[in-house]
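*Asks:* Got a predicted model here, sequence first, then my questions.
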Amino acid sequence: MDLSVLNVAAADGADEEGSPFRQKLLHCCGSKRWAAEMVKMFPVRDFAELCQAADTADATLTREDWLEAFAAHPRIGRTKKPIMEWEAQEQKATKNADDAVLDRLEELNDEYYKKFGYIYIVCATGKSAPEMLRILESRMDNSPGDELAVAAAEQSKITKIRLEKLLQELRSGNAKL
């Protein structure tokens, strides 16, 4: 994968917090610290190195940084928050889900938020609504520390998928930096 477009963008004012490059990184992971750490890792040679940079940036995040990243997501299932195109693609299985499944997701989303203090994070790509519900049910018994680690791992999966989508959009001309 040719990452020259990202490398050029990273070299061109990406250290500024509001730069277009930083904004694109924040669409991949909503933590400002993560985006700032990622900027430092460029240039990168290939997608594997980009993913390693993402893992390295993840390792710098505090609980508050993870919570900031989680807050950038809409809830799984029915949501009142506007959904970006990538999020809609990720959650497309919930669109045609059975009302009973969506009702239970909504109920458990509320319980999850009360217990852990942030929304349920799961890498929804390729998962059905019933599967996401089963995963949510299985995670409800986690301790707060264990659940933060699980949610962070799910965020990392989401981030890598979104980095790949960003590269595809930049290459196709559907995104600009």
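*Replies:* Right, received. Where do you want to start? Numbering: from 1, shown residues only.

*Asks:* now the longest helix belonging to the chain: how far from the chain's centre is it?
*Replies:* Taking residue count as the measure and DSSP state H as the definition, the longest helix of the chain comes out as helix 144-172. Between the centre of helix 144-172 and the centre of its chain there are 4 Å (C-alpha atoms, centre = their mean, to the nearest Å).

*Asks:* same question, stretch 127-134
*Replies:* Counting by C-alpha atoms, centre = their mean, stretch 127-134 is centred 18 Å from the centre of its parent chain.

*Asks:* Need the CA coordinates for that stretch. PDB is fine.
*Replies:* Coordinates of the C-alpha atoms in stretch 127-134 are reproduced here as PDB (Å, rounded to 0.1, in the frame of the first residue of the first chain):
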ATOM      1  CA  LYS A 127     -21.200  -8.600  13.100                       C
ATOM      2  CA  SER A 128     -24.900  -9.100  13.200                       C
ATOM      3  CA  ALA A 129     -27.100  -7.300  15.700                       C
ATOM      4  CA  PRO A 130     -27.800 -10.500  17.600                       C
ATOM      5  CA  GLU A 131     -24.000 -11.200  17.700                       C
ATOM      6  CA  MET A 132     -23.300  -7.700  19.100                       C
ATOM      7  CA  LEU A 133     -26.100  -8.300  21.700                       C
ATOM      8  CA  ARG A 134     -24.500 -11.600  22.800                       C
END
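
*Asks:* Can you tell me which helices and strands the longest helix of the chain packs against?
*Replies:* Contact analysis of helix 144-172 by 3 or more C-beta pairs under 8 Å, 6 or more residues apart in numbering; DSSP states H and E lists helix 4-11, helix 20-28, helix 47-58, helix 63-71, helix 85-90, helix 99-116 as its packing neighbours. Every residue, glycine included, has its C-beta placed from N, CA and C.

*Asks:* would you list those helices in JSON lines and tack on mean neighbour count, mean pLDDT and distance to Ala149?
*Replies:* Listed next are these as JSON lines, based on neighbours: other C-beta atoms under 10 Å; pLDDT from 0 to 100; distance: least, C-beta to C-beta, whole Å:
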{"stretch": "helix 4-11", "mean neighbour count": "17", "mean pLDDT": "80", "distance to Ala149": "29"}
{"stretch": "helix 20-28", "mean neighbour count": "20", "mean pLDDT": "91", "distance to Ala149": "20"}
{"stretch": "helix 47-58", "mean neighbour count": "17", "mean pLDDT": "97", "distance to Ala149": "11"}
{"stretch": "helix 63-71", "mean neighbour count": "18", "mean pLDDT": "98", "distance to Ala149": "9"}
{"stretch": "helix 85-90", "mean neighbour count": "16", "mean pLDDT": "65", "distance to Ala149": "21"}
{"stretch": "helix 99-116", "mean neighbour count": "15", "mean pLDDT": "95", "distance to Ala149": "12"}
